[in-house]
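Participant: kindly return the folded structure for what I paste below:
(chains A and B)
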Amino acid sequence: MKDTAGYITEDGRQIGGTLMEMRNITLRFGGVVAIQDISFDIREGEVRAIIGPNGAGKSSMLNVISGFYTPSEGEVWYQGKKRPPMKPYQVARQGVARTFQNIALFEGMTVLDNVMTGRLTHMKAGIASQALWWGRASREEVENREKVERVIDFLEIQNIRKTPVGRLPYGLKKRVELARALAAEPSLLLLDEPMAGMNVEEKEDMSRFILDVNDEFGTTICLIEHDMGVVMDLSDRVVVMDYGKKIGDGTPDEVRGNEDVIAAYLGVPHD
Amino acid sequence: MLYRTAGQFKTSYTADQALFPVRQDAVLLGIVLLLVWVVFPLTASEFAFQTLLIPILIYALAAMGLNILTGFAGQLSLGTGAFMGVGAYACYKMVTIFPELNPIVAILLSGIFSAGIGVAFGIPSLRIKGFYLAIATLAAQFFLVWLFEKWAWLYNYNASGAIQVPNLDMFGLYVSGPQAESVTEYYIVLAIVTLLTVVCINLTRGNLGRTWKATRDMDIAAELIGINLMKSKLTAFAVSSYVVGVAGALYVFMWKGAAEPNVFDIPLSFQVLFIAIIGGLGSIMGNYLGAILIVGLPVVLGTAADTRIFEMSALAGLLWLAGILAVAFLFWVARNLWGVAAALGFGAAMLLYGYAQTQGFRADSALVEHINTMIVGALIIFFLIIEPHGLNQLWRLIREKLIIWPFPH
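Facilitator: Next comes the predicted model:
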């Protein structure tokens, strides 16, 4: 599976070359080691999951990928280049979008405006053009609205377009957050526990959307999730973390049989 | 019913994103524009120009500038008065150094100086927020007012220490200073305020506005979706201070005629902040409503106290009656009985006062002033209780109800 040309999944999708590679990442907060010497790669077009018990360092890993934390040691390679230390907004402009474990929407804005913020990095009109609503600014507003409407259609949130986000129930907020991330047309989409706090039906909906996004837009997805059933069904390859270390990496079936993984989740028998 | 939107379909995104997607809003705005551009200038007295029309516009503009920063970008500021001062002093220096300069150009340019100062004092916002930032802007407030006082070059070494607006003319017409006519000043203020309002509306509904609102609502998420927080906050400080600075220049050049440094002290900052809060943070129209309430209402009440209610001209009486009934009706539509009671109660109080007048009751001016302050204070509390998000939100609710009126749901 280390070939650069990628591989073909069980359901027949072609997975491409390496999109992002983490090389020997270590992250320390003072004396606490949150991530210890972890390496893995994310390939174009795949659904990659990071799992692990609470406190394993999964969210820290996602924060390293999205540039919110700078690793203490190790290198992040993205699109074939070593990524220098950069601010989160610069990472976002390179095509990495994400959602958050605790919903981080802009509560004072409508759904439409929230999703439109996903297009911010694609809009280039200057302040004068915006002030007069003339030329580039008004043109961009319509062009990007069309893109946003496609995402809104795709995620089936047309009817709440003009509703302020603060009024929405939890499940819909999660969906709007996904819409905002998708609107950016990311090359890598990071999902931090997309199904946390959802009931079975909502989880099914969300799973369908994740698969559809991957299928229709070919978006590479890296997700963190606690629901094992969901992870095993959705992902092509899984990284398992425990206490900041990588204890497993491979297809869901490989991981499921890994003894370290079983020990981390179920404990070690004493006999 | 009055605001029925049925049958107004949008078939393009351009139409959906139009400034007034609902036809009635456009009609209403047309009426307001007709009033302020034609009817008021033709009918207003000198007193109305100087105590109502001009100051309301200037305060609304200042509040709009503050609202960009505090309401849209979420950066609390207590330095508005000082930034107005920067605009006023910059304008004063420009017209005295370059007497040939067109006064309107000078006023519009003076905002650039306050924008620069605003950005400089906005730098702390990159590290601190909320109350802590408010204290940092308070430093600007104290420092700048001190500077206006101590730096004699700013007021051209006047013995009085105040800036005096000279007579400025444009194409042979005095537009500022003691010889300028009120109506000329009014039109200049109105033109500049209209222009800047359009600019502010466009900026806040476009990409920059979304950047600001995202920064306000959740800065961490904003940064992770690609917003450069430094740029977002500093542009907010720049745009806000520009508008505030222009308001400051208008304040001195088109209204007061002269100003001492202490004019720009913290009470002015607070007054502008109150207007923005009462009007509604994060709105444009709210600033006008807030300015009408806080600047205009005391004047109207004072005038009412001075007139003999039962000897009012028929037109004035009719206007009062229509005003009170309209307010009562709007509250009725919004199902807010407290509002209805307040409006009708106000009318009853006026009648009672008129009756007392016929019985020889005379209120001395000090008493009138006290009662006036009490009424305005009570109204501010009243409005904040029935709608904490400001007059703009109150109007939005009323508008929503008007759409389905006379049905409750």
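Participant: got the CA positions of the helix or strand that contains B:Val32 in CSV?
Facilitator: Per DSSP states H and E: B:Val32 is located in helix B:23-34. What follows is helix B:23-34, C-alpha atoms only, in CSV (Å, rounded to 0.1, in the frame of the first residue of the first chain):
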residue,chain,number,x,y,z
ARG,B,23,-41.0,46.5,-2.3
GLN,B,24,-42.6,48.2,0.7
ASP,B,25,-39.2,48.8,2.3
ALA,B,26,-38.1,50.7,-0.9
VAL,B,27,-41.3,52.7,-0.8
LEU,B,28,-40.8,53.6,2.8
LEU,B,29,-37.2,54.6,2.2
GLY,B,30,-38.4,56.7,-0.7
ILE,B,31,-40.8,58.6,1.6
VAL,B,32,-38.1,59.1,4.2
LEU,B,33,-35.7,60.4,1.5
LEU,B,34,-38.3,62.7,0.1
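Participant: starting at the chain centroid, how far to it?
Facilitator: Here the centre of helix B:23-34 is set off from its chain's centre by 19 Å, with C-alpha atoms, centre = their mean, to the nearest Å.
Participant: who's in contact with it?
Facilitator: Helix B:23-34 is contacted by residues B:Leu2, B:Tyr3, B:Arg4, B:Thr5, B:Gln8, B:Phe20 when judged by C-beta atoms under 8 Å, 6 or more residues apart in numbering or on different chains. The way it works is simple: take the backbone N, C-alpha and C, and place the C-beta from them, glycine included.
Participant: next one: stretch A:123-143
Facilitator: A:Asn144, B:Tyr13, B:Thr14, B:Gln17, B:Val199, B:Asn202, B:Leu203, B:Gly206, B:Asn207, B:Leu208, B:Thr235, B:Val239.
Participant: re the thing from before, mind giving me the packing neighbours of the next helix or strand after the helix holding B:Val32?
Facilitator: Counting by DSSP H and E, the element after helix B:23-34 in chain order, helix or strand, is helix B:40-43. Packing partners of helix B:40-43 (3 or more C-beta pairs under 8 Å, 6 or more residues apart in numbering or on different chains; DSSP states H and E): helix B:182-205.
Participant: and the helices in chain A?
Facilitator: For chain A, the helices defined by DSSP state H cover A:58-65, A:88-93, A:111-117, A:127-132, A:136-154, A:170-183, A:200-212, A:228-234, A:252-257, A:259-266.
Participant: buried sites along the fourth one?
Facilitator: Judged by neighbour count using 16 or more other C-beta atoms under 10 Å in any protein chain shown, the buried positions of helix A:127-132 are A:Ile127, A:Ser129, A:Gln130, A:Ala131.
Participant: neighbours of B:Ala314, just the number please.
Facilitator: With neighbours defined by other C-beta atoms under 10 Å in any protein chain shown, the count for B:Ala314 comes to 7.
Participant: do you know how far it is from B:Trp320?
Facilitator: 11 Å (C-beta to C-beta, to the nearest Å).
Participant: correct me, but B:Phe274 touches B:Ile294?
Facilitator: Yes - B:Phe274 is within contact range of B:Ile294, at 5.9 Å (criterion: C-beta atoms under 8 Å).
Participant: for A:Gly95, see how far away A:Ser235 is.
Facilitator: 21 Å.
Participant: which of the two has more neighbours?
Facilitator: Remark: of A:Ser235 and A:Gly95, A:Ser235 carries more neighbours, 23 against 19, as counted by other C-beta under 10 Å.
Participant: doesn't A:Pro194 make contact with A:Asp227?
Facilitator: No - judged on C-beta under 8 Å, A:Asp227 makes no contact with A:Pro194 at a distance of 9.8 Å.
Participant: out of these two, which sits in the more crowded spot?
Facilitator: Legend: neighbour count by other C-beta under 10 Å for A:Asp227 and A:Pro194, higher for A:Pro194 (26 against 18).
Participant: for that one, what are its contacts?
Facilitator: With C-beta under 8 Å, 6+ apart, A:Pro194 has these contacts: A:Thr99, A:Lys174, A:Leu178, A:Met206, A:Ile210, A:Leu223, A:Glu225.
Participant: what bits of the stretch 101-250 of chain A have low per-residue confidence?
Facilitator: For the stretch 101-250 of chain A, no stretch is flagged by pLDDT under 70.
Participant: spell out which residues of it are next to chain B.
Facilitator: Contact residues, the stretch 101-250 of chain A versus chain B (C-beta under 8 Å from any C-beta of the partner chain): A:104-109, A:113, A:116-118, A:120-121, A:123, A:125, A:127, A:130-133, A:137-138, A:140-142, A:145-146, A:149, A:180-181, A:184.
Participant: buried ones among these?
Facilitator: A:104-109, A:113, A:116-118, A:120-121, A:123, A:125, A:127, A:130-131, A:133, A:137-138, A:140-141, A:145, A:149, A:180-181, A:184.
Participant: please enumerate the helices of the stretch 101-250 of chain B.
Facilitator: Listed in chain order, the helices of the stretch 101-250 of chain B (DSSP state H, counting those that start in this stretch) span residues B:103-122, B:131-150, B:182-205, B:207-217, B:219-224, B:229-250.
Participant: for the fourth one, which positions count as buried?
Facilitator: Residues of helix B:207-217 classed as buried: B:Asn207, B:Leu208, B:Gly209, B:Arg210, B:Thr211, B:Trp212, B:Lys213, B:Ala214, B:Thr215, B:Arg216, B:Asp217 (neighbour count, 16+ other C-beta under 10 Å).
Participant: same deal with the second one?
Facilitator: Across helix B:131-150, burial judged by 16+ other C-beta under 10 Å covers B:Leu133, B:Ala134, B:Ala136, B:Thr137, B:Leu138, B:Ala140, B:Gln141, B:Leu144, B:Val145, B:Leu147, B:Phe148.
Participant: for that helix, what is the distance to the chain centroid?
Facilitator: Counting by C-alpha atoms, centre = their mean, helix B:131-150 comes out at 22 Å from the chain centroid.
Participant: what packs against that helix?
Facilitator: If you count contacts as 3+ C-beta pairs under 8 Å, 6+ apart, helix B:131-150 packs onto helix B:80-97, helix B:103-122, helix B:266-279.
Participant: switch the cut-off to 10 Å
Facilitator: helix B:80-97, helix B:103-122, helix B:229-250, helix B:266-279 (3 or more C-beta pairs under 10 Å, 6 or more residues apart in numbering or on different chains; DSSP states H and E).
Participant: repeat that for the fourth one.
Facilitator: Applying 3+ C-beta pairs under 10 Å, 6+ apart, one finds that helix B:207-217 makes contact with helix A:111-117, helix A:127-132, helix A:136-154, helix B:182-205, helix B:219-224, helix B:229-250.
Participant: rounded mean pLDDT for the helix or strand where B:Tyr355 lies, please.
Facilitator: Element membership for B:Tyr355 (DSSP H and E) is helix B:337-358. For helix B:337-358, mean pLDDT is 90.
Participant: and what of stretch A:263-271?
Facilitator: pLDDT averaged over stretch A:263-271 gives 75.
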